[in-house]
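Q: sequence plus the predicted model coming up.
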Amino acid sequence: MNEKSSSKSKKAVALRYDSAKDTAPKIVASGKGLLAEKILELARKENIPVYKDPHLVEALIQLDINVEIPSELYRAVAEILAFIYTVDAANNPGGKFYDENS
């Protein structure tokens, strides 16, 4: 497989979840091929953890941007959030994930 066809087969979906505003995680970016590469490049540049799950990305890529994920995907996305919290905790020992004043 050459680099060009490898890039075309790549898929990426970016999620955002703000527990103060959102009832569920939302799709904020989604793409295939070069767009997927750009999403992943931006994630690396901004030190955003990347979680690889081809089956989940297939389900999420079907959704529109700025749409909350459906309840059927909550469990899978919860695993992603747990992964991100673990990565954040490893990179920020003793850090807090909440605002003590709220």
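A: Cool, the structure landed.

Q: low-confidence ranges in the chain?
A: 1-8, 92-102 (pLDDT under 70).

Q: ranges for the strands of it?
A: When secondary structure is read from DSSP state E, the chain shows strands at 11-16, 26-32.

Q: out of these, flag the one nearest residue 54.
A: Ranking these by their distance to residue 54 (criterion: Cβ to Cβ) puts strand 11-16 first, at 7.9 Å. The way it works is simple: take the backbone N, C-alpha and C, and place the C-beta from them, glycine included.

Q: work out the sheet partners of the closest one and label each with its direction, please.
A: Paired strands of strand 11-16, with direction, are strand 26-32 (antiparallel) (DSSP bridges).

Q: tell me which residues of the strand it pairs with are tucked away?
A: Neighbour-count burial for strand 26-32 flags 26, 27, 29, 30, 31, 32 (criterion: 16 or more other Cβ atoms under 10 Å).

Q: the last one against residue 10, yeah?
A: Yes. Using Cβ atoms under 8 Å, residue 32 and residue 10 qualify as a contacting pair, with a distance of 7.0 Å.

Q: follow-up on the earlier one: just send the strands of the chain back as CSV, with distance to residue 54 too.
A: As requested, the strands of the chain are exported to CSV (distance: least, Cβ to Cβ, whole Å):
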stretch, distance to residue 54
strand 11-16, 8
strand 26-32, 13
